[in-house]
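>>> Predicted model and sequence below, questions to follow.
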Amino acid sequence: MIGPLNHIGIAVPSIKDAADTYRSLYGVTNITDPGEMLSQGVRFCFVNLPNSQIELIEPLGENSPIENFLLKNPNGGQHHVCFEVADIYLAKKKMEERGAVILNEPRIGAHGTLVIFVHPKNSNGVLVELMESVK
Ligand code: CO
């Protein structure tokens, strides 16, 4: 079974502008500096909330998967939700046994732990990220 909701991923045209919105409109003060994952084609930062995080993701480099998303949603939009799991390889195996389509081999995500993505068709149109909990 999945563990806590870790974060909600929001694709945005500009991390800086989106972070400014969370500061000025919602009064958030704790937002991480942007990081980059070139292999996944994203720049990202985390808006830290008391019980969870919002992950802001912006396209990086050529053929970023976020680019296509933003073509369909030019102002940005909810891109994925991320739940924690104890063991990513076990989670992948179990999910596949249950008929889910896993979109990638486990790879290092924005928190430095292994992540996989579950096809949106398996979850009412929502792209689901599973990440191994940070120990
Ligand atoms: Co994420």
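Noted; the coordinates are in hand.
>>> partners of the helix or strand where I8 lies, with directions?
In this assignment (DSSP states H and E), I8 forms part of strand 5-11. Neighbouring strands of strand 5-11 in its sheet, by DSSP bridges, are strand 53-59 (parallel), strand 77-85 (antiparallel).
>>> how about that strand: buried residues?
N6, H7, I8, G9, I10, A11 (16 or more other CB atoms under 10 Å). Just so you know, the C-beta spots here come from the backbone N, C-alpha and C atoms, and that holds for glycine as well.
>>> What ranges does the chain have for its strands?
Under the criterion DSSP state E, the chain contains strands at 5-11, 35-37, 42-48, 53-59, 77-85, 107-108, 114-118, 128-132.
>>> Dump the ones you listed into TSV; add mean pLDDT and distance to A19 as well.
Formatted as TSV, these follow (pLDDT from 0 to 100; distance: least, CB to CB, whole Å):
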stretch	mean pLDDT	distance to A19
strand 5-11	98	11
strand 35-37	93	13
strand 42-48	97	6
strand 53-59	97	6
strand 77-85	97	16
strand 107-108	94	23
strand 114-118	97	22
strand 128-132	98	20
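>>> Tabulate the ones you listed (TSV), appending distance to D17.
Shown next, in TSV, are these (distance: least, CB to CB, whole Å):
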stretch	distance to D17
strand 5-11	12
strand 35-37	17
strand 42-48	12
strand 53-59	10
strand 77-85	15
strand 107-108	27
strand 114-118	26
strand 128-132	23
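>>> Export those to TSV and append columns for distance to the ion.
Formatted as TSV, the strands of the chain follow (distance: least, CB to the ion, whole Å):
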stretch	distance to the ion
strand 5-11	4
strand 35-37	10
strand 42-48	8
strand 53-59	5
strand 77-85	5
strand 107-108	12
strand 114-118	7
strand 128-132	5
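>>> Thank you, goodbye.
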